[in-house]
Structures are given as structure tokens and as C-alpha cells.
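[1] please find the sequence and the predicted model below.
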Amino acid sequence: MSAPESGGMNSVKTTRRTVLTGVAAAAAFGLTTGTAEAETGGSKIGILLYDGFSLLDPTGPAEVLSRLPGATVTMIAQHRGPVRTDTRDVAVLAERAVAEVNRLDVLLVPGAGTRGTVAAMENPVLLEWIRRVHRHTAWTTSVCTGSLILGAAGLLRDRATTYWSSADYLEKTFGVRYVPERYVQVGKVITAAGVSAGIDLALHLASLLADEETARGIQLAVEYDPQPPFDSGNAAKASPELKALALKLLADSQE
């Protein structure tokens, strides 16, 4: 399988607007009955972490979504504690374990390199939790090869996107059509392309959870105005040599 891999920058905690502790945390994530919406009053957004994830996949969307008025953004993993990225140089703190989280308004599953993606796709605890939470979400989303994990959980239908080098695997394994767009929405499932596309996904989500004006305000607040120095971020325009170099750089960074 050709799975995407990527690196990133350091982070230790991504719940920016509300620190969830004790009973408040339990209420926010559906661990108590009947009072969650009344106590939190905003969107409950959970981002799944697992060993070997690509750093920008969860942290880019968290930067955007944590600016939504009233929203809570919390990192979740199979077990609480630090979770290492694909390069192993950085860890992000998971504040909640999957066993503690029953309901979310938004679930986001990041991608990873081959090691992390395959392990997550073969992890029955994570797949069952994704399916269980998906039953009640308003939106279930992925970034990069996170779409392959959604596919392994049986949640993909018709079409989706993923990291460019995993397009064939996506189609052959899950019977969906690969669409080379920054994000693709099918029902309540939204998949994003590789790594940086998670920011585009998050702005789209912000418009769905709030409104377009709020999403535009967040985009300006984080000054997301991409003007890269090179026109080399689109796989459809890249030479075979550049594609090979990109994949080698990712692979080498994860050794």
C-alpha cells in the first residue's frame, strides 16, 4: 500500500477555549445524561490521535475549529497521554480516552504514514469507536489517509479524497471514486486531501457549524492566505521525479 506520510511542528495541548476537567468534561462528551448541551452550549469536536499520525493533520484543523464561539476541541486517543507523530520527534497530548467519549458533534480522523495508517486500520478498538461515535455525529471527517481509516470502519460511500499517493488504494480497497479536491462531502462524511488540506476542511466545517461570515473571520484571524513560494503542491501537475522525491523525503523522515 502506498500511504501518505508527513511531518510537522510541536504541540502539547489543543483545547484552547475550554479546559475540560471532572464533571464538566464528562458532560461535554456525553458521559452524563441529559445535560451535555445545556452545560456546554456549543459544538463538541473530537480529534482522534493514534501512534504515527501526521502532526498538521489534527493541529491545523484544531487551530481553526478552536476559534468557533462556544466550541470545544479535544484530542482523544485509545489511552490518555502523549501520542507520538510519524517522525517520532513530537508528541501531542490526548486528554480523553475513547472509552470516555460516547458522543461528539464532529469527529476528525487524521492521516499518517504507512506505519500509523495500517495500525489504525487494523485496530478493532478504534474502528468500533469510530463507528459508534459516527452514529450520532453531525459531521464525521478525515484528513489525508484518515479517509482510509474511515473506509476500514465502513463509513465511505460513493466518492472521497485522500493523499494523492493513496488514491488507487482508496478506490480498489473501498470501492469509492477518488476525487482530487481539497475536500469532498458525501452526506455527513467529509474527507480532505493531504495534510494542509485539513485547514480548508476546517474552514468549511466552521461555515457549517456557525456561518460563512464566522468562518471568514476565523480565516482572517489565523491569517490563512496561502501564497507558497513554489507551485509544486498539486500532484496532478508534478513530475514523476518530484513525486518520487516527495515520497522519499516523507519515508526518510520516519525512519
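    Cool, the structure landed.
[2] quick one: low-confidence parts of the protein?
    1-41 (pLDDT under 70).
[3] for it, just list every one of the strands.
    44-48, 72-77, 81-84, 91-94, 96-97, 106-109, 139-143, 159-160, 177-178, 183-186, 189-192 (DSSP state E).
[4] next up, the contacts around the nearest residue to residue 243 once chain neighbours are set aside.
    Excluding the flanking residues, the one nearest residue 243 by C-beta to C-beta, 6 or more residues apart in numbering is residue 235, at 6.6 Å. All C-beta atoms are positioned from the backbone trio N, CA, C, and that covers glycine. Counting by C-beta atoms under 8 Å, 6 or more residues apart in numbering, residue 235 makes contact with 164-165, 180, 243.
[5] now the residues you listed in CSV, with neighbour count and distance to residue 229?
    CSV is the format used below for these (neighbours: other C-beta atoms under 10 Å; distance: C-beta to C-beta, whole Å):
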residue, neighbour count, distance to residue 229
164, 21, 20
165, 19, 23
180, 13, 23
243, 13, 19
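[6] residue 220: which of these is nearest?
    residue 180 (27.6 Å; C-beta to C-beta).
[7] hmm, residue 162 and that closest one touching each other?
    No: Residue 180 lies out of contact with residue 162 (C-beta atoms under 8 Å); the separation is 9.7 Å.
[8] what is in contact with those two at once?
    Contacts common to residue 180 and residue 162, judged by C-beta under 8 Å, 6+ apart, are residue 193.
[9] all helices of this protein, in order?
    22-28, 36-40, 56-65, 114-121, 124-134, 146-152, 167-174, 197-209, 212-221, 240-253 (DSSP state H).
[10] from residue 120, how far off is residue 84?
    13 Å (C-beta to C-beta, to the nearest Å).
[11] let me fix that: residue 232
    Distance from residue 232 to residue 120, by C-beta to C-beta: 29 Å.
[12] what about these two, which has more around it?
    Neighbours were tallied for residue 232 and for residue 120 using other C-beta atoms under 10 Å; the higher tally belongs to residue 120 (28 against 12).
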